[in-house]
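**Q** The sequence and its predicted three-dimensional model are supplied below.
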Amino acid sequence: MILQHIISTMHRKDASFVQRLKCKCPVLIINQADTVDDIRTTIGDVPVRMITSTERGLSNSRNRLLENAEGDICIVGDDDLFYSSNYDEIINKAYDDFPEADIITFRFSEQTDVDTRQAFSAPRRLNMLQISKVASVEVTFRLESIRRAGLSFDPLLGLGAHFGSGEENAFLADALRAGLHIHHVPVTICYCIEDQEDRRKWTDGFNKDYFVKKGACFYRIFGWLFLPMSIAFLILKKRSVFRNVPLFSALFWMLEGKREYCRIKKE
C-alpha cells in the first residue's frame with residue numbers, strides 16, 4: 001500500500017516546512033495563499049507536491065486534497081505536527097489487521113512522553129456517537145473508498161468557513177451513512193509542535209460562538225436527532241466542562257446555530 005500525507009496550510013513560500021514534520025511517505029499539500037502555483041519537489045528523499053491557490057477555507061482545502069490525492073491510504077495532516085519514527089509501520093499494520101476498514105483513526109498527543117488523548121483504550125469500530133471524539137489529524141482512509149462513496153468536506157464547517165469547526169466529524173458521519181467502516185486503533189502516530197500560536201487560539205472558552213458552532217455541527221451530523229443529542233451533550237458536559245454556562249443559554253445558542261446553518265444552506 002502507498003501511504004500519502006494530505007496537508008492543508010496557508011501562505012507558504014515553499015514546502016520546506018515538511019522536513020520538520022518528519023514525513024517518510026509522499027506528501028500532497030494545498031497551500032492557500034495569494035498566488036497560484038503547482039510545484040513538485042523532493043524534501044530529503046520524500047516526494048512532495050504543493051498546489052497553491054487563492055481559495056480559502058479548510059474544508060475547501062481538504063476537498064482539493066481529495067481531488068488530487070494519489071495514495072492508497074491518505075493520512076490527514078496539518079502543518080504543526082511531527083510524526084513518530086514508525087508511524088508508517090503502525091498504519092500499514094492496522095490496515096492489514098482490519099482489511100474491512102475504510103477509515104482508521106489513531107491518536108495524536110500534545111506531549112512526547114505521555115499520551116494526552118485516550119478517548120478509547122482498545123481497538124474498536126466507531127459509531128455515530130463516538131466519532132465526535134476524533135480529531136482530523138487522527139484520521140486515515142482508503143482513498144478508493146472515499147471516492148466511491150462520493151464523500152467530501154462540508155464547506156460551511158472548519159477553519160475559515162462560516163462555522164469554524166467540526167468538518168472532520170461531519171465527514172465521518174457521512175462516511176457511516178454511506179456504509180463505510182470506521183475503526184480506531186489507540187496508538188499515537190503524531191505529536192503537536194509545541195508553542196504554536198494558532199493552536200492556542202482554541203482555548204478562548206465556552207462562549208456563545210462556541211455553542212452556535214457546536215449547534216450547527218450537531219445538526220449537520222445528527223439531523224432530526226439534533227435536539228435530543230444536544231440536550232444529552234449539554235447535560236453530560238455541564239458539570240465537568242462548562243460549569244459557568246447556564247444550560248438553557250447553551251441550548252438556545254445551539255438552536256441558533258442549527259437555524260443559521262439551515263438558512264445558509266438554503267441561500
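**A** That came in fine, so what should we check first?
**Q** low-confidence ranges in the stretch 151-267 of the chain?
**A** Low-confidence regions of the stretch 151-267 of the chain, defined by pLDDT under 70, span residues 194-205, 240.
**Q** what about the helices in it?
**A** Taking DSSP state H, counting those that start in this stretch, the helices of the stretch 151-267 of the chain run over residues 167-177, 197-200, 208-222, 226-238, 247-266.
**Q** nearest to residue 74, of those?
**A** Shortest separation from residue 74 across these is recorded for helix 167-177, at 12.1 Å, computed as C-beta to C-beta. Bear in mind the C-beta positions are built from the backbone N, C-alpha and C, glycine included.
**Q** buried set for that closest one?
**A** Buried residues in helix 167-177, counting neighbours by 16 or more other C-beta atoms under 10 Å, are found at 167-176.
**Q** which stretch among the helices of the stretch 151-267 of the chain comes nearest residue 49?
**A** helix 167-177 (22.3 Å).
**Q** Go ahead and confirm residue 127 touches residue 175.
**A** No. Between residue 127 and residue 175 no contact is recorded; they are 11.6 Å apart, counting by C-beta atoms under 8 Å.
**Q** residue nearest the centroid of the chain?
**A** residue 136 (1.9 Å; C-alpha atoms, centre = their mean).
**Q** residue contacts, residue 145?
**A** 102-103, 180 (C-beta atoms under 8 Å, 6 or more residues apart in numbering).
**Q** tell me the phi and psi of it?
**A** Its backbone dihedrals place residue 145 at phi -60, psi -40, with angles given as degrees, to the nearest 10.
**Q** Give me the contacts around stretch 159-169.
**A** Contacts of stretch 159-169 from elsewhere in the structure, counted by C-beta under 8 Å, 6+ apart, are 32, 56-60, 62, 76, 131-132, 134-136, 139, 153-158, 212-214, 216-217, 220-221, 257, 260-261, 264.
**Q** before we move on, back to that, greatest separation within the buried residues of helix 167-177: which pair is it?
**A** Pairwise distances across the buried residues of helix 167-177 (C-beta to C-beta) peak at 15.4 Å, for the pair 167 and 176.
**Q** What pairs with the strand ranked longest in the chain, parallel or antiparallel?
**A** Ranked by number of residues, the top strand in the chain under DSSP state E is strand 182-192. Each strand paired with strand 182-192, and its direction, by DSSP bridges: strand 81-83 (antiparallel), strand 103-109 (parallel), strand 124-125 (antiparallel).
**Q** Report all helices and strands that the helix or strand that the shortest one is followed by contacts.
**A** It refers to strand 124-125. Scanning forward in sequence from strand 124-125 by DSSP states H and E, the next helix or strand is strand 139-142. Contact analysis of strand 139-142 by 3 or more C-beta pairs under 8 Å, 6 or more residues apart in numbering; DSSP states H and E lists strand 73-77, strand 103-109, helix 167-177 as its packing neighbours.
**Q** and the angle for the last one with strand 103-109?
**A** Translated: helix 167-177. When axes from the mean of the first three to the mean of the last three C-alpha atoms, to 10 degrees is applied, the directions of helix 167-177 and strand 103-109 differ by 150 degrees.
**Q** what is the orientation angle of helix 167-177 with helix 208-222?
**A** 10 degrees.
**Q** next one: the second one
**A** Counting by the same axes, to 10 degrees, strand 103-109 lies at 160 degrees to helix 208-222.
**Q** Show me what counts as buried in strand 103-109.
**A** Within strand 103-109, the residues that qualify as buried are 103-109, counting by 16+ other C-beta under 10 Å.
**Q** Pull the distance from that strand to the chain's centre.
**A** Relative to the chain's own centre, strand 103-109 is displaced by 10 Å; criterion: C-alpha atoms, centre = their mean, to the nearest Å.
**Q** Pull the residues that contact that strand.
**A** The contact list for strand 103-109 (C-beta under 8 Å, 6+ apart) reads 81, 90-91, 94-95, 98, 115-118, 126, 134-135, 137-142, 145, 172, 175, 180-192.
**Q** which of those count as buried?
**A** Going by neighbour count (16+ other C-beta under 10 Å), the contacts of strand 103-109 have 81, 90-91, 94-95, 98, 117, 126, 134, 137-142, 145, 172, 175, 180-192 buried.
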